[in-house]
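> Sharing a sequence plus its predicted fold:
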Amino acid sequence: MPKVRVRTTEKASWSSDSLNKAIQLIDGGSSIRNAAKVMGIPFSSLQKRIKKGSTLAPHLGRFTVFSREEEAELANLVKKMANIFYGCTANQIRVAFEYAEKLNVKHNFNQASKMAGRDWLHEKRKHGKAKDKEKRLKYRRRVLKRQSAKYYKNRTKLLYQILALTTYARTMRMMTQKMLETDA
């Protein structure tokens with residue numbers, strides 16, 4: 001079992017509340033350097049946030065490609081595709097590259113293969129994975145039965161139309177006669 005790692009870095013240890021208070025101090029006439037020292041925010045971070053006008057909380061790590069709304073929309077599209085019939089292959093989901101291009105979102109996907117990376121796919125599957133596999137399998141079986149029944153019904157209708165048969169009873173009489181002729 002992994003050990004619980006104690007946080008050793010001081011990066012991003014401030015909150016958006018302290019940032020708002022620092023901005024209020026600066027608006028009150030204090031210098032950026034003094035406000036940064038009082039609120040415990042690095043000077044360069046505070047200076048950059050004031051210049052950009054951003055009051056969001058600090059963020060460590062890589063930036064996400066899609067916003068929460070865009071990711072939710074992409075997840076809904078994948079779920080719809082999965083519910084239609086068989087689901088999606090990994091390569092079909094990795095075509096999120098085209099989705100990012102369509103939205104003109106800055107991304108770091110592979111330009112040569114025009115696909116999102118395997119790591120990106122793994123993260124999306126890990127966080128938004130449908131956990132009830134048995135439910136999906138039951139649904140798939142039910143759809144297969146329904147579709148095969150529709151296929152059979154459509155084929156028999158087509159056969160009736162081709163043979164210009166008008167009623168089922170007439171068809172059954174003809175089939176019975178044929179069977180009797182072959183038995184004799």
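Structure received.

> mind showing which ranges of the protein have poor pLDDT?
Within the chain, the segments meeting pLDDT under 70 span 1-2, 7, 82-88, 122-140, 143-145, 147, 149-150, 152-184.

> which residues of it fall in strands?
Taking DSSP state E, the chain contains no strands at all.

> So which residues of it form helices?
Shown for the chain, the helices assigned by DSSP state H span residues 16-27, 32-39, 43-52, 68-84, 90-93, 96-103, 118-128, 133-163, 168-183.

> Does residue 78 touch residue 95 like I think?
No - the pair residue 78 / residue 95 is not scored as a contact, 10.5 Å apart, by Cβ atoms under 8 Å. The way it works is simple: take the backbone N, C-alpha and C, and place the C-beta from them, glycine included.

> quick one: contacts for residue 65?
Residues in contact with residue 65, defined by Cβ atoms under 8 Å, 6 or more residues apart in numbering, are 96, 100, 105, 106, 107, 108, 109, 116, 120.

> got it, and residue 95?
Residues near residue 95 by Cβ under 8 Å, 6+ apart: 114, 115, 116.

> For residue 3, state which of the residues you listed is nearest.
Among the contacts of residue 95, residue 116 lies closest to residue 3 (Cβ to Cβ), at 32.8 Å.

> could you dump the contacts of residue 95 to a markdown table with distance to residue 73?
Listed next are the contacts of residue 95 as a markdown table, based on distance: Cβ to Cβ, whole Å:
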| residue | distance to residue 73 |
| --- | --- |
| 114 | 20 |
| 115 | 19 |
| 116 | 15 |
